[in-house]
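[1] quick check, what structure comes out for this input:
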Amino acid sequence: MQAKKGDAVAVHYTGRLEDGSIFDSSVSRSPLSFTLGDGNMIKGFDAAVYGMVIGDKKTVTIPAAEAYGERRQEMMIDVPLTQVPPDITPEIGLQLVLQGGGGQPMPVTVVFVDEEKITLDANHELAGKDLIFDIELVAIN
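    Numbering: from 1, shown residues only. Model (predicted):
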């Protein structure tokens, strides 16, 4: 039976960047379960699983546009140092969570610090990067 839209599937995967560094893997955990076509997976990953049968393995390269999108300049946020809470010592690489519109948590990373401001990057850490996934379909329900 081939995986199709609406199927609940489980996959093992390893995700890596073009330089070979691994950013995530399910190999030492339970398989990743999701419903094909429900919009909860990045578009390219979802599309790669369509048509697979249990036991199939494949390697796919997902361009940034079908993964986490391109990096967007409007996701860079300048904050005056006077607005940084006193218990936070801003350093490049520091990860914080802001409250976004609608109360949703918005992870950001400090990418610039000077005497007047800090710059926060709210882009997803994998935005702008092509992703390579090794995928094995382990179940269709």
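[2] chain center to stretch 111-128: distance?
    Relative to its parent chain, stretch 111-128 has a centroid offset of 17 Å by CA atoms, centre = their mean, to the nearest Å.
[3] could you list the domains of the chain?
    8-69+126-140, 73-121 (automatic domain parsing).
[4] I'd like the average pLDDT over the last one.
    Okay, so that is domain 73-121. Across domain 73-121, the average pLDDT comes to 94.
[5] dump the domains of the chain into JSON lines; add distance to residue 2 and mean neighbour count as well.
    For the C-beta atoms, the positions are set from N, CA and C on the backbone; glycine is no exception. JSON lines is the format used below for the domains of the chain (distance: least, CB to CB, whole Å; neighbours: other CB atoms under 10 Å):
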{"stretch": "domain 8-69+126-140", "distance to residue 2": "5", "mean neighbour count": "15"}
{"stretch": "domain 73-121", "distance to residue 2": "36", "mean neighbour count": "12"}
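[6] export the ones you listed as JSON lines, with columns for distance to residue 1.
    Listed next are the domains of the chain as JSON lines, based on distance: least, CB to CB, whole Å:
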{"stretch": "domain 8-69+126-140", "distance to residue 1": "6"}
{"stretch": "domain 73-121", "distance to residue 1": "37"}
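[7] residues in a beta bridge with residue 139, which ones?
    Beta bridges link residue 139 to residue 10, judged by DSSP bridges.
[8] just use 871 as the starting number from now, easier for me
    All right, first residue 871 from here; so that's residue 1009.
[9] now do the contacts for it.
    Contact analysis of residue 1009 by CB atoms under 8 Å, 6 or more residues apart in numbering lists 879, 880, 901, 903, 924.
[10] nearest to residue 973, of those residues?
    Using CB to CB, residue 903 is the member of those that lies nearest residue 973, at 27.6 Å.
[11] residues in contact with the nearest residue to that closest one once chain neighbours are set aside?
    Leaving aside its chain neighbours, residue 903 sits nearest to residue 880 (4.6 Å; criterion: CB to CB, 6 or more residues apart in numbering). For residue 880, the contacting residues are 901, 902, 903, 1007, 1008, 1009, 1011, by CB under 8 Å, 6+ apart.
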